[in-house]
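> sequence-free structure coming up:
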């Protein structure tokens, strides 16, 4: 990315709805030139334009989950599963005491408790130990990459759990996975 690309990205980070014409006028470029530059950055995978949701305004809670996973194969599986989970907003391999970290969201305390005790990495085979830090919605970044599943037809969540058969769900203590037909939350 050169200086002009960085300026385009900075403007879009401030206001993702800013028109290419407005950006071009500020930079002395045509909207076509801005579109080509933005398309090039997207094609290279340097930039992705998307909508983020305000965790604070939605009243979301966060859980930062660190885990030590026994084998590289199980670690790869956990990364794959959490990468598909609509409650995960961040997944990475780490070094040090733990080799996996994910940041997850929940709409309320009971749902957070359910995902940490039942659906989360802490309950899965192949985890030596884990640590969870619960936090309020972040002040920065204000908008998070929360995946919205528009069509909920699945019975089974990406982690393999059938929320409809879970006692926490049937007792009203969990909103279910947003990727399933059982979900009864706001996302």
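Good, I have the coordinates. Please read all numbers here as calculations on a predicted model, not as lab measurements.
> count the neighbours of residue 45 for me.
Per other C-beta atoms under 10 Å, the neighbour tally for residue 45 reads 7. For the C-beta atoms, the positions are set from N, CA and C on the backbone; glycine is no exception.
> and it, what does it touch?
Counting by C-beta atoms under 8 Å, 6 or more residues apart in numbering, residue 45 makes contact with nothing.
> measure it to residue 13 for me?
According to C-beta to C-beta, to the nearest Å, residue 45 and residue 13 sit 17 Å apart.
> how is the protein carved up into domains?
3-43, 54-146 (automatic domain parsing).
> could you pull up the mean pLDDT of the longest one?
Averaging pLDDT along domain 54-146 yields 91.
> so how far is that domain from its chain's centroid?
9 Å (C-alpha atoms, centre = their mean, to the nearest Å).
> likewise for stretch 135-153?
Stretch 135-153 sits 6 Å away from the centroid of its parent chain (C-alpha atoms, centre = their mean).
> over to the spatially closest residue to residue 26 that is not a sequence neighbour. Which of the three states is it?
Spatial nearest neighbour of residue 26, chain neighbours left out: residue 11 (7.0 Å); criterion: C-beta to C-beta, 6 or more residues apart in numbering. Under DSSP: H, G, I helix; E, B strand; the rest coil, residue 11 falls in the helix class.
> so who does residue 126 touch?
Neighbours of residue 126 in contact, by C-beta under 8 Å, 6+ apart: 69-71, 74, 78.
> from these, pick the one nearest residue 17.
Comparing these against residue 17 with C-beta to C-beta places residue 78 closest, at 36.1 Å.
> counting neighbours, which bits of the host helix or strand of that closest one end up buried?
Take DSSP states H and E as the rule and residue 78 turns out to sit in helix 72-84. By 16 or more other C-beta atoms under 10 Å, the buried positions in helix 72-84 come out as 74-75, 78-79, 81-82.
> out of the residues you listed, which is nearest to residue 161?
residue 81 (10.6 Å).
> how close does that closest one sit to residue 130?
Relative to residue 130, and taking C-beta to C-beta, residue 81 is found at 15 Å.
> so for the helix or strand where residue 24 lies, what gets flagged as buried?
Secondary structure from DSSP H and E places residue 24 in helix 20-27. Within helix 20-27, the residues that count as buried by 16+ other C-beta under 10 Å are 20, 23-24, 27.
> check which helices and strands the following helix or strand past it sits against.
Using DSSP H and E, the helix or strand that follows helix 20-27 in sequence is helix 31-43. Counting contacts by 3 or more C-beta pairs under 8 Å, 6 or more residues apart in numbering; DSSP states H and E, helix 31-43 is packed against helix 3-14, helix 20-27.
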